[in-house]
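Novice: need a 3D model of the sequence below.
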Amino acid sequence: MGFFSREPRMPSPQELLPGRDTAMTISGTHMVKGTSMTAPFPAGTEAVQFGMGCFWGAERKLWQVPGVVTTAVGYSAGSTPNPLYEEVCSGLTGHNETVLVIYEPTTLSFDTLLAVFWEGHNPTQGMRQGNDRGTQYRSGVYTTTDAQLDVAHASLQAYESKLLEAGHGHITTEVLRATTFYYAEEYHQQYLHKNPNGYCGLGGTGVSCPIGLGFSSSPGGE
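Specialist: Below is the predicted model:
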């Protein structure tokens, strides 16, 4: 707990936990959608990972978007292999709590998915969301294609202009190419479906994100 006696920061190489070689075992079936949470995914779908604070509420928001085939929660953009939840929360793995989203680009544009992301949380708070503080609560977009990366950067600039006009600060979201996505423990998957009265700290700024501005050259951002 001493790690959070000061402002959260990414761990140094010397501080990183060693992790393990064994991957997390999960059922693989989405409890709401009935689809597979693990590869191989349906042909023609695309993947992206979002960090929006606590991944419980973020996953529920994202699985409800039409055109999303499946979602799963896990840990991204860190260094410790196959981390456990408690290790991620220690701040000593470098990971972010994220949602893996598999979607159909022919029916759901990446622009629209990004609008859900931007409006669904506050992307100006650094390594926290509301009262949740820690490296695992930072805002992030982790893309799997160059086209997604370009669209994400363009949308960040457009939304930041709107936030600044509304009196908010600059966006602190990291926009990176995705590295390994480590699945979280089974009890975290679709947590708010299993626990309807469970904690959800998700909250946006109330500022609408401009979409349909031509960031994507086709519905899927390609």
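
Novice: pick out the residue nearest the middle of this structure.
Specialist: residue 50 (1.9 Å; C-alpha atoms, centre = their mean).

Novice: am I right that that residue sits in a helix?
Specialist: No - assessed with DSSP: H, G, I helix; E, B strand; the rest coil, residue 50 is strand; it does not lie in a helix.

Novice: for it, give me its contacts.
Specialist: Shown in contact with residue 50 (C-beta atoms under 8 Å, 6 or more residues apart in numbering): 58, 62, 98-99, 101, 117, 140-142. In this view, the C-beta of every residue, glycine as well, is placed from N, C-alpha and C.

Novice: looking at those, spot the one nearest residue 208.
Specialist: residue 117 (13.1 Å; C-beta to C-beta).

Novice: where do the helices sit along the protein?
Specialist: 55-63, 85-89, 110-119, 146-165, 191-194 (DSSP state H).

Novice: mind giving me the PyMOL select for the contacts of residue 50, buried ones only?
Specialist: In PyMOL syntax, the buried subset of the contacts of residue 50 is picked out as below (16 or more other C-beta atoms under 10 Å):
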select buried, resi 58+62+98+99+101+117+140+141+142
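
Novice: pLDDT below threshold where in the protein?
Specialist: For the chain, residues meeting the criterion pLDDT under 70 lie at 1-6, 212-222.

Novice: make it 50
Specialist: 1-5, 217-222 (pLDDT under 50).

Novice: ok, how many other residues are close to the closest residue to residue 104 other than its chain neighbours?
Specialist: Once flanking residues are discounted, residue 104 sits nearest to residue 67: 5.0 Å by C-beta to C-beta, 6 or more residues apart in numbering. Applying other C-beta atoms under 10 Å, we find 17 residues neighbouring residue 67.

Novice: what's residue 67 in contact with, if anything?
Specialist: By C-beta under 8 Å, 6+ apart, residue 67 lies in contact with 103-104, 107-108, 112-113.

Novice: so among these, which ones count as buried?
Specialist: Among the contacts of residue 67, those classed as buried by neighbour count (16+ other C-beta under 10 Å) are 103-104, 108, 112-113.

Novice: any chance of CSV for those residues, columns distance to residue 71?
Specialist: Formatted as CSV, these follow (distance: C-beta to C-beta, whole Å):
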residue, distance to residue 71
103, 9
104, 13
108, 13
112, 16
113, 11
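
Novice: out of the residues you listed, what pair is the most spread apart?
Specialist: Of all pairs drawn from the buried ones among the contacts of residue 67, the greatest distance, 11.7 Å, lies between 104 and 112 (C-beta to C-beta).

Novice: and the residue nearest to the centre of the chain, bridged to which residues?
Specialist: For residue 50, the beta-bridge partners under DSSP bridges are residue 99, residue 141.

Novice: from residue 29, how far out is residue 101?
Specialist: According to C-beta to C-beta, to the nearest Å, residue 101 and residue 29 sit 17 Å apart.

Novice: and residue 34, how many neighbours?
Specialist: Neighbour tally, residue 34, other C-beta under 10 Å: 8.

Novice: that'll do, ta.
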